[in-house]
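>>> 3D, please:
(one chain, ligands or ions: 1)
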Amino acid sequence: MSINKPAGVLYSALLFIATVHTAWAGVCLFTKYPVNGLPVNVTLVVNNVIENPTFKSSQTISLPQTYLISVVSAAADVNKVFQYSAQYYSNLGLMITAINNVFANQQKRTYWEFIDAKTLKPLECGVSTFVPFNEDVILFNLTTY
Ligand code: B12
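The predicted model follows:
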């Protein structure tokens with residue numbers, strides 16, 4: 001059986017798109033490391049030097065290993081001063097829109113960035129798909145883009 005040229009090109013293009021899409025989704029949707037449920041200590045540092053009143057806080061949460069959104073929720077449960085808001089995006093999960101009522105702002109081009117405090121690199125995944133390891137320190141930093 002032979003495939004004519006336009007059909008072959010279309011097939012190759014679809015295969016390429018499917019491969020790229022799977023590779024991209026794989027980074028976050030199927031996390032590189034499974035959640036093992038073993039006890040972890042995760043420190044959350046919150047830093048706002050942009051909006052007045054500025055603030056910086058830190059708290060360590062001990063819980064079975066889980067997604068970052070559950071660590072953040074646990075932090076809000078034990079510390080009534082710490083609050084967050086989030087918006088759900090299909091396929092991506094939750095985007096943190098506010099911490100302690102300081103909202104990301106499109107006009108000011110501000111957002112809450114997540115950084116691995118040990119490497120100082122931004123996390124590659126959002127709170128719904130990132131799984132912190134024991135003794136990880138995650139920095140939530142209000143910044144601009
Ligand atoms: C632009 C962009 C941003 C901008 C969006 C603001 C703006 N107005 O432009 C800013 C800088 C704020 C941003 C932030 C982050 N981003 Co971003 N972002 C993108 C990018 C390059 C394009 C999105 C877009 O414009 N789509 C087109 C519009 C028409 O569709 P939309 O649905 O309306 O787009 C919105 C959502 O994508 C949302 N959004 C943007 N980033 C993220 C991340 C997450 C986890 C969620 C739930 C939503 C979300 O903001 C967009 C504008 O409103 C994508 C890559 C891509 N090609 O899709 C990455 C991407 C979506 N971002 C990503 C990440 C990891 C982040 C951060 C977690 C990075 C970090 N370490 O802090 C943060 C979010 C932190 C938080 N507070 O929750 C990842 C998400 C992977 C995943 N599945 O979790 C992507 C896929 C990049 C990548 N690594 O490949 N991002």
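>>> pick out the residue of this structure closest to the ligand.
Closest approach between the chain and the ligand, counting by CB to the nearest ligand atom: residue 126, at 2.2 Å. For every residue, glycine as well, the C-beta is placed using N, CA and C.
>>> so, low pLDDT: which residues of this structure?
Where the chain drops to pLDDT under 70, the residues are 1-26, 29-33.
>>> please name the nearest non-neighbouring residue to the residue positioned nearest the centre of it.
The centre of the chain sits closest to residue 126, judged by CA atoms, centre = their mean, with a distance of 1.7 Å. Once flanking residues are discounted, residue 126 sits nearest to residue 93: 5.2 Å by CB to CB, 6 or more residues apart in numbering.
>>> who in this protein is up against the ligand?
Proximity of the chain to the ligand is confined to 28, 89, 92-96, 106, 111-114, 122-126, 129, 145 under the rule CB under 6 Å from any ligand atom.
>>> can you give me the buried ones in stretch 125-142?
For stretch 125-142, a neighbour-count test (16 or more other CB atoms under 10 Å) marks 125-132, 136-142 as buried.
>>> ugh, wrong one, I meant stretch 34-41
Buried residues in stretch 34-41, counted by 16+ other CB under 10 Å: residue 40.
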